[in-house]
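Undergrad: A predicted structure for the sequence below; I have some questions about it.
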Amino acid sequence: MEGVKYWIALEQMSGIGPANLKEIHRTLTESNLSIGDIFSCNKEEIISEFKFSEKLALLIDSSKKMVERIDNDYLALLDAKISVIPFFSPEYPKRLLNIKGYPFPPILYAIGDISILNERGAAILGDHSVSGIGESISFSAANELARHNIVTISGMAKGVDMIAHRSAMINGGKTAAFIPGGIFRFKIPEFILEAMTEANMVIVSSFYPSKEMNKFNAFIRNRIICALSYAVFIVEAPESGGVFEAAKSAHKLGIPLYTVEYSNYPDNAKGNPLILEQLGGNPIRRHKGNENLAPGMDQIIADVKFS
């Protein structure tokens with residue numbers, strides 16, 4: 001775990017991106033060296049001993065100061081037993097590394113069962129001010145995923161996100177929740193905690209542990225959710241905002257995209273017809289279930305299981 005601190009320092013260094021981190025890791029692997037070996041070198045040795053550009057070598061050398069700044073946070077991660085998953089770890093979700101057109105988040109911070117991140121899942125997303133019908137659809141959709149051993153992937157906002165997570169867990173399924181800020185800033189809601197076990201949920205952040213939650217981070221978070229998912233189901237989306245941008249991300253990445261087709265759209269679902277008309281979304285209609293009108297999830301399940 002000690003070497004991970006150096007990778008966190010590199011990832012936090014302005015000017016070092018995912019491609020640079022992959023280059024550094026590849027160089028170390030080919031040379032049979034550890035990240036600690038680089039950090040034990042001075043600037044001249046980094047420039048002369050490794051095949052990095054001079055600019056990257058200087059950034060690596062400068063990141064030594066970053067190690068000192070993050071030391072307390074690193075110790076807090078250890079104390080809280082928060083998993084730190086760098087991109088080269090076997091526990092890192094392979095789908096994020098392999099999907100085209102998306103710069104992978106180099107380090108993930110997680111609470112819960114991290115093995116869930118490498119299981120197949122579908123995203124269920126929607127507005128926090130979801131309609132009563134949308135609440136029912138969210139609950140039924142996650143229940144269906146759970147019945148087919150498909151992970152429910154979502155954020156952790158009120159409304160669709162939390163309903164989907166809770167439904168998946170109380171119906172015997174698993175769920176992955178991504179938060180729009182640092183994991184130190186997050187407290188698990190009681191609504192979720194009641195249903196959570198050591199094996200049915202993982203809560204994940206791609207941001208530095210102390211980073212504040214904000215709307216911009218939510219856009220980034222939603223892109224990660226889409227990239228990890230084998231299908232994206234938008235229950236209700238306004239015409240603009242984070243949920244509609246998530247639909248755009250799914251479309252851009254080529255992830256199968258679905259949304260509810262209403263006969264009369266609720267005010268917070270005015271983006272649904274735009275997803276159908278402009279983004280190639282597939283309509284989800286409700287059919288008669290055992291006790292209520294449940295969404296038809298067959299195609300989503302097929303996309304996840306067989307794509």
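TA: On my side now, so go ahead.

Undergrad: strands of the chain, start to end?
TA: Remark: strands assigned in the chain by DSSP state E are 83-86, 107-112, 121-125, 151-154, 175-178, 201-205, 232-234, 257-260, 282-284, 286-288, 293-295.

Undergrad: describe which strands the longest one pairs with in its sheet and in which direction.
TA: What that stands for is strand 107-112. strand 83-86 (antiparallel), strand 201-205 (antiparallel) (DSSP bridges).

Undergrad: just those strands: most buried one?
TA: strand 201-205 (a mean of 25; mean count of other Cβ atoms under 10 Å). All C-beta spots, glycine's among them, are computed from the backbone N, C-alpha and C.

Undergrad: surely G121 and A146 touch.
TA: No. Counting by Cβ atoms under 8 Å, G121 stays clear of A146, with 11.1 Å between them.

Undergrad: higher neighbour count, those two?
TA: Legend: neighbour count by other Cβ atoms under 10 Å for G121 and A146, higher for G121 (27 against 21).

Undergrad: what bridges to that one?
TA: With DSSP bridges as the rule, G121 is bridged to V151.

Undergrad: how much space separates it from E68?
TA: 38 Å (Cβ to Cβ, to the nearest Å).

Undergrad: quick check: closest non-adjacent residue to K158.
TA: Spatially, and ignoring its direct neighbours in sequence, K158 is nearest to H128 (4.7 Å; Cβ to Cβ, 6 or more residues apart in numbering).

Undergrad: tally of neighbours for the one you found?
TA: 15.

Undergrad: S40 too?
TA: Neighbours of S40 (other Cβ under 10 Å): 10.

Undergrad: before we move on, the earlier item: list residues touching both of G121 and A146?
TA: T152 (Cβ atoms under 8 Å, 6 or more residues apart in numbering).

Undergrad: contacts only, for I234.
TA: 125-126, 243, 246-247, 257-260, 271-272, 275, 281.
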